[in-house]
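Colleague: sequence below, structure please.
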Amino acid sequence: MEQVSEAFTVDLRRLTVLRELQRRGSLARTAEALHLTPSAVSQQLSALAREIGAPLTERDGRGVRLTGQARVLLAHADEIAAQLERARADLAAYGSGGRGSVTIGCFSSGILGLLPGVLRGLAEHLPHVRVDVVEAEPPDLFTALDAGQVDVAVAVDFAATPPHTDRRYTRSDLLTDVMDIVVPADHRLAGRGRIPLRELAGETWIAGDARSCVGAIARAVCATSGFTPDIRHAVNDWGALAALVEAGAGVALIPRLVHPLYAHRALAVLTPQGAPPSRNIFAAVRTGADADPVLETVRRHLVLEARRLADVSRA
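Modeller: Got it, this is the predicted structure:
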């Protein structure tokens, strides 16, 4: 490999491929996320390696891993992306103070419980800005954020979510969404009000698949209580989950954010004893984009609506 040239240039699109490989961990998953073939991903990485004059990947069994040079480049890639976002934000502020559209990516129950109030506020304060909503969860949500397909990501903290220390994003914590136990109205524990979650260790459970935030959080909460739930029904839709509980198919954990979906059903809502299980909901933008006046308005309305929902939940 040639020595790095003092005047080398880097194709930013190829940096995006390298950043996605860091996130996904394999060429196949990177290709799937970017809607490319594995061969195209390899070609992009090879071209980037030639541009900088250093190897970026090395064989690791049947897969590849990043080299030390790749990790050095990625650290600079984060700074480059952040600086470009700051330039775009400065241009937006210099011009009309906004732009024609903004896209919010959000998980399904956030769309149900959080975004309606946010959208009403934005319609009043940004009447000339088109606001689009896309349903998505990590890691795909953050791939879309990196690619500019989404401007604001609203997500739940779980294993597939970037850590708080990820410099690519500026985060705003929004809401701690408490989760309750729901059982059929005629269940033996109906009417107890507050129970140890472990009392339901022998029950049939309904939860999302393990890769979704719906399923991951339910499994983690039960594990913290000292048992592995017997999940017979894998359902990622909260409305469908509530319907199955009402039908006597099992018990479940369900967040208060989606209360409208189950308030009318014949269910008993119980509170776990001790510190209530909950999920942290946050918003993220690309680092540097937080100075954009439109995105700052969107983030402000997300925070305000989250505070209102928290007050309602405590009432």
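Colleague: how about the worst-scoring helix or strand of the chain on mean pLDDT: buried residues?
Modeller: The weakest-scoring helix or strand in the chain, judged by mean pLDDT, DSSP states H and E, is helix 68-94 (a mean of 78). Within helix 68-94, the residues that count as buried by 16 or more other CB atoms under 10 Å are 69-70, 73-74, 77-78, 81-82, 85-86, 88-89, 92. Yep, even glycine has a C-beta here, placed from its N, CA and C like the rest.
Colleague: how far does the helix or strand just after that helix sit from its chain's centre?
Modeller: Sequence order places strand 101-106 as the next helix or strand after helix 68-94, per DSSP states H and E. Put simply, strand 101-106 sits 13 Å off its chain's centre (CA atoms, centre = their mean, to the nearest Å).
Colleague: other residues contacting strand 101-106?
Modeller: Strand 101-106 is contacted from outside by 114-115, 118, 129-136, 141, 144-145, 149-155, 294-295, 298, using CB atoms under 8 Å, 6 or more residues apart in numbering.
Colleague: buried ones in that strand, by neighbour count?
Modeller: By neighbour count on 16+ other CB under 10 Å, the buried set for strand 101-106 is 102-106.
Colleague: go on, stretch 103-118?
Modeller: So stretch 103-118, judged by 16+ other CB under 10 Å, has buried residues 103-115, 117-118.
Colleague: hmm, back to that, how far out from the middle of the chain is the least confident helix or strand of the chain?
Modeller: What separates the centre of helix 68-94 from the centre of its chain is 21 Å, taken as CA atoms, centre = their mean.
Colleague: that helix packs against which elements?
Modeller: Counting contacts by 3 or more CB pairs under 8 Å, 6 or more residues apart in numbering; DSSP states H and E, helix 68-94 is packed against helix 12-24, strand 278-286, helix 293-314.
Colleague: possible to save these as JSON lines with mean pLDDT?
Modeller: JSON lines is the format used below for those (pLDDT from 0 to 100):
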{"stretch": "helix 12-24", "mean pLDDT": "86"}
{"stretch": "strand 278-286", "mean pLDDT": "95"}
{"stretch": "helix 293-314", "mean pLDDT": "91"}
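Colleague: how far away is Leu257 from Leu74?
Modeller: Using CB to CB, to the nearest Å, we find Leu257 at a distance of 35 Å from Leu74.
Colleague: how far away from the center of its chain is stretch 207-216?
Modeller: 13 Å.
Colleague: confidence score at Ala275?
Modeller: Looking at Ala275, its pLDDT is 84.
Colleague: would you say Arg120 is within a helix?
Modeller: Yes: according to DSSP: H, G, I helix; E, B strand; the rest coil, Arg120 belongs to a helix.
Colleague: contacts only, for Thr228.
Modeller: Thr228 neighbours (CB under 8 Å, 6+ apart): 219, 222.
Colleague: ok, now with 10 Å
Modeller: 201, 205, 219, 222 (CB atoms under 10 Å, 6 or more residues apart in numbering).
Colleague: how is the protein carved up into domains?
Modeller: Split into domains by automatic domain parsing, the chain comes to 1-97, 99-175+280-314, 177-278.
Colleague: lowest mean pLDDT across these, which one is that?
Modeller: domain 1-97 (a mean of 80).
Colleague: so how far is that domain from its chain's centroid?
Modeller: Relative to the centre of its chain, domain 1-97 is centred 22 Å away, using CA atoms, centre = their mean.
Colleague: still on that earlier bit, okay if I get the buried residues of helix 68-94 as TSV plus distance to Ser42?
Modeller: Output for those, formatted as TSV (distance: CB to CB, whole Å):
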residue	distance to Ser42
Gln69	17
Ala70	14
Leu73	17
Leu74	18
Ala77	19
Asp78	23
Ala81	23
Ala82	28
Glu85	28
Arg86	32
Arg88	31
Ala89	34
Ala92	36
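Colleague: nearest to Arg167, of those residues?
Modeller: Using CB to CB, Asp78 is the member of the buried residues of helix 68-94 that lies nearest Arg167, at 5.0 Å.
Colleague: identify the residues contacting the closest one.
Modeller: Contacts for Asp78 (CB under 10 Å, 6+ apart) come out as 15, 19, 166-169, 286-288.
Colleague: wasn't Asn236 part of a helix?
Modeller: No: under three-state DSSP, Asn236 sits outside any helix and is assigned coil.
Colleague: excluding sequence neighbours, find me the nearest residue to it.
Modeller: Closest residue in space to Asn236, ignoring its immediate chain neighbours: Gly208 at 4.2 Å, by CB to CB, 6 or more residues apart in numbering.
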